[in-house]
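Student: here is my input; please provide its structure:
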Amino acid sequence: MKSQTTPSWLEDAVFYEIYPQSFCDSNGDGIGDIPGIIDKLDYLKCLGINAVWLNPCFESPFSDAGYDVSDYYRVAQRYGTNDDLKRLFVEARKVGIRVLLDLVPGHTSIEHPWFKQSCKQARNEYSDWYIWTDSAWKWDVPGYRTVSGHSERDGSFVSNFFYFQPALNYGFANPDPAQPWQQPVNAPGPQAVRQEMRKIMAFWMDLGASGFRVDMAFSLVKGDPSHGETMRFWQEMRAWLNGKYPDACLVAEWGNPNLAIQGGFHVDFTLPFAFPGYSALLRKPYGSGPGQDPYGFSFFDPAGLGNVREFFDEYMQHYETTRGKGQIALMTGNHDITPRLSKGRTPGDMALVFLFLLTMPGTPFIYYGDEIGMNSLEGLPSKEGGYQRSGARTPMQWDDSANAGFSTAPAEQLYLPIDPDPERPTVFGQDWDPNSLLNTVRKLAFLRRKHTALCASADFELIYAQAGKYPLVYKRSWKDETALVLINPSSRPVSLNLPDMGKKGCDVLYGAADSLQFWGDSWQVRLAGVSGAVWRLQ
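Tutor: Down below sits the predicted model:
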């Protein structure tokens, strides 16, 4: 089912992304923290979560929400201490949850002591840890963003994202002889950076982390259009992890599973910026269509005008090349995607998205709050470099108390404002309703973890996935267990005859008991609008 070097716990992993500053504030300062996460571990366990991805929690000036690290070895004071994070690792494991940290290897903050030393004109240990041109007047370097005039050093530095995030130097795959400042990957500076990144990973693994989600994993080696040298770096890191931390997991922010998994990662995301099929599945503008918007409808819109092949034609290419080598991660959203999944969708619409994500191959990721249908807030001022993304980063909505139970701080001190809608969804409001979105997600998460046919590496076969048509039908199987998944996001009822699949009986695991019937040598699917089901074939 899995390769020998893939952690076995990934087979039934259901991940949950926690944006720490917005999850739960334990000390009343208006910002979520690590003790707050510890307080909510029982909630995550009851949700069916057994793995967490924690967005950056290290020291930072927070110009980019922590993705501008100023100390990789210390938890930011606003979140707590290193001891708090160690306690989170311990307490989470007690309830069967593993914690992955967010590693930012491609750049630091301009406030990092390494960079401050690198800015000095006099040569020192860190002079070559960042990428500098050989002249402060060299402002325009094709293919790169450079910043000039920042320091006493006679050079411009290459930034990796925002201007205040200087790129760490992993070398150039093919240095330009006309640009002597472009160092090869085996130069002392790039080699020192690589060794330091390994030390950082070992530091947190030794404290109890279960691995890392790697920010901009594709961006390290420059002048590397094929990503060959970047992949070689991660292959070396994977080999090291396999030897020293064989249970560790590496998740890439790459968006190209074929390259990321070939490059040594266990998991890679289907990201909208690099995986267009994901947008066709979930992210096309809701309620648009021919004559209204050039992008049309996504498949999970109840209008029933989407094209599921836009997703699967791309997905299947990656699935076939990575099968048995690593996992593709499908997600409800993340901190970079706006609007949230709930935009323009009912709880019933969202339930079908969760049915899909939690029965597909690979590794599902749930963005905090999506399990209750939290809304994005439009028009917020940018917070910590979030810009339009800020609206999808608002505080978790726990109950109907002040600040939705997120914090006891005055409302004006909150990291971001709470959704002002008096009908906003909350965990408390859905907890005891058996038909709520929250309890639907719970059922599906535990269903996935209970049945081996729904695990990450179980066999996958598309049974019915036609361009512009509904429903979607696929089969998952492992050894003697087979599951058939039926999904109709359209508001119209659909029916479909399927050929005999070599099984003698069936029982429903989720959904309507009349959604599948066996007639002689064929199977008949009958789904109401916006409905789905999972059947076990025997």
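Student: select the longest helix from the protein.
Tutor: helix 188-207 (DSSP state H).
Student: same for it, what does it pack against?
Tutor: strand 71-75, helix 82-94, strand 98-103, strand 211-214, helix 228-244 (3 or more Cβ pairs under 8 Å, 6 or more residues apart in numbering; DSSP states H and E). C-beta: built from backbone N, CA, C; applies to glycine.
Student: just put these in JSON lines and tack on mean pLDDT.
Tutor: Shown next, in JSON lines, are these (pLDDT from 0 to 100):
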{"stretch": "strand 71-75", "mean pLDDT": "98"}
{"stretch": "helix 82-94", "mean pLDDT": "98"}
{"stretch": "strand 98-103", "mean pLDDT": "98"}
{"stretch": "strand 211-214", "mean pLDDT": "98"}
{"stretch": "helix 228-244", "mean pLDDT": "97"}
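Student: quick one: the helices in this structure?
Tutor: Going by DSSP H, the chain shows helices at 34-39, 41-47, 82-94, 113-118, 188-207, 228-244, 257-262, 276-278, 309-322, 347-357, 427-431, 437-450.
Student: on that earlier part again, any idea of the angle the longest helix of the chain forms with helix 82-94?
Tutor: Between the axes of helix 188-207 and helix 82-94, defined by axes from the mean of the first three to the mean of the last three Cα atoms, to 10 degrees, the angle is 60 degrees.
Student: okay, buried residues for helix 188-207 please.
Tutor: For helix 188-207, a neighbour-count test (16 or more other Cβ atoms under 10 Å) marks 189-191, 193-194, 197, 200-201, 204-205 as buried.
Student: same check, this time on stretch 429-440
Tutor: So, applying 16+ other Cβ under 10 Å, buried residues of stretch 429-440: 429-430, 436-440.
Student: the helices and strands packed on helix 188-207 into TSV, with extra columns for mean neighbour count and distance to residue 395?
Tutor: As requested, the helices and strands packed on helix 188-207 are exported to TSV (neighbours: other Cβ atoms under 10 Å; distance: least, Cβ to Cβ, whole Å):
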stretch	mean neighbour count	distance to residue 395
strand 71-75	17	20
helix 82-94	17	19
strand 98-103	23	19
strand 211-214	26	22
helix 228-244	18	34
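Student: how far off centre is stretch 192-211?
Tutor: 21 Å (Cα atoms, centre = their mean, to the nearest Å).
Student: export that stretch as CSV, just CAs?
Tutor: Only the C-alpha atoms of stretch 192-211 are listed here, as CSV (Å, rounded to 0.1, in the frame of the first residue of the first chain):
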residue,chain,number,x,y,z
ALA,A,192,26.4,26.5,5.0
VAL,A,193,22.7,27.5,4.4
ARG,A,194,21.8,23.9,3.6
GLN,A,195,23.5,22.6,6.7
GLU,A,196,21.8,25.3,8.9
MET,A,197,18.4,24.3,7.5
ARG,A,198,19.1,20.7,8.5
LYS,A,199,20.0,21.9,12.0
ILE,A,200,16.7,23.8,12.3
MET,A,201,14.7,20.8,11.3
ALA,A,202,16.6,18.5,13.7
PHE,A,203,16.1,21.0,16.5
TRP,A,204,12.3,20.9,16.3
MET,A,205,12.1,17.2,15.5
ASP,A,206,14.0,16.5,18.7
LEU,A,207,11.5,18.5,20.6
GLY,A,208,8.6,16.4,19.2
ALA,A,209,7.5,17.8,15.9
SER,A,210,6.3,15.2,13.4
GLY,A,211,7.5,17.0,10.3
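Student: who touches it?
Tutor: With contact meaning Cβ atoms under 8 Å, 6 or more residues apart in numbering, stretch 192-211 is reached by 51, 72-73, 82, 85-86, 89-90, 93, 98-101, 103, 105, 125, 128-129, 168-170, 212, 233, 237, 240-241, 244-245, 247-251, 266.
Student: is it true that residue 132 touches residue 153?
Tutor: Yes - using Cβ atoms under 8 Å, residue 132 is in contact with residue 153, at 6.5 Å.
Student: quick revisit: mind checking the helices and strands packed on helix 188-207 for the one nearest to residue 46?
Tutor: Judged by Cβ to Cβ, the one of these that comes nearest to residue 46 is helix 82-94, at 13.9 Å.
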